[in-house]
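Student: Predicted structure and sequence below. I'll ask about it afterward.
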Amino acid sequence: MTTAAASNATVIDLCRIGLGYADMLLQGVSAEQFARKPEGIDTNSPAFIFGHLAIYPDKVLERIGRADLAKPNEQFIKLFEAGEPCLDDPNAYPSMDEIMGFFRERHAVLLETLAETDPEVFEKPNPNEEARDRFPTLGHIITFLLTSHIMMHMGQLSAWRRCVGLGPVL
């Protein structure tokens with residue numbers, strides 16, 4: 001087994017752990033709270049966090065040569081791309097059901113596809129030259145996006161929960 005072959009399974013398993021943690025952190029979050037910031041605190045809302053994370057599976061599908069399976073949502077990209085502000089306005093975002101449905105569906109498609117992806121794809125150079133020093137291969141950027149990136153945002157959600165009085169889940 002090559003390093004890349006182990007990497008496919010490892011990334012999939014770790015992503016599933018992150019997605020499971022995301023589900024735990026959503027416990028007790030109401031649709032009314034989903035797009036709100038805690039009073040007086042400038043942080044990302046669950047709507048922004050999950051909307052942001054929902055746009056990355058399609059970017060990964062394109063990078064691994066499976067653009068045929070990608071379904072980029074232009075509304076989500078406009079609202080949730082890195083650098084966009086998080087608004088404290090439930091009317092500014094799609095519903096909780098729509099965001100979470102898209103988030104879950106796109107991750108499911110990506111994980112299923114990664115399980116069938118030739119491990120050699122992970123060894124290809126990262127086509128983004130600006131990020132190549134940090135993420136030299138597709139395996140590096142895919143691993144980051146499906147593990148560290150998700151968990152970084154779950155940390156934001158965990159802090160948000162405390163700020164709105166929901167407390168920790170673990």
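Tutor: In hand now; what should we look at? Here the structure is a predicted model, which is why all the values come from computation and not from measurement.

Student: quick one: what helix or strand has the one residue sitting closest to the centre of the chain in it?
Tutor: Centroid-nearest residue in the chain, with C-alpha atoms, centre = their mean: residue 53, separated by 2.7 Å. Using DSSP states H and E, residue 53 sits within helix 46-54.

Student: Can you point out the buried residues in stretch 109-116?
Tutor: Using 16 or more other C-beta atoms under 10 Å as the test for burial, stretch 109-116 gives 109, 110, 111, 113, 114. Backbone N, C-alpha and C define where each C-beta goes, glycine included.

Student: Angles on the backbone of the third one, please.
Tutor: Residue 111 has phi and psi values of phi -60, psi -40 when expressed as degrees, to the nearest 10.

Student: Likewise for the last one?
Tutor: Listed backbone geometry of residue 114 is phi -60, psi -30, with angles given as degrees, to the nearest 10.

Student: Tell me which stretches of this structure form helices.
Tutor: For the chain, applying DSSP state H gives helices covering 3-26, 46-54, 56-63, 74-80, 96-116, 138-143, 149-163.

Student: Can you say which of those is nearest to residue 90?
Tutor: helix 46-54 (7.7 Å; C-beta to C-beta).

Student: List of residues touching the helix holding residue 53?
Tutor: Residues from elsewhere that reach helix 46-54 (C-beta atoms under 8 Å, 6 or more residues apart in numbering): 22, 26, 29, 33-35, 44, 73, 76, 79-82, 86-87, 90, 93-94, 96, 99-100, 102-103, 106-107, 149-150, 153-154, 156-157, 160.
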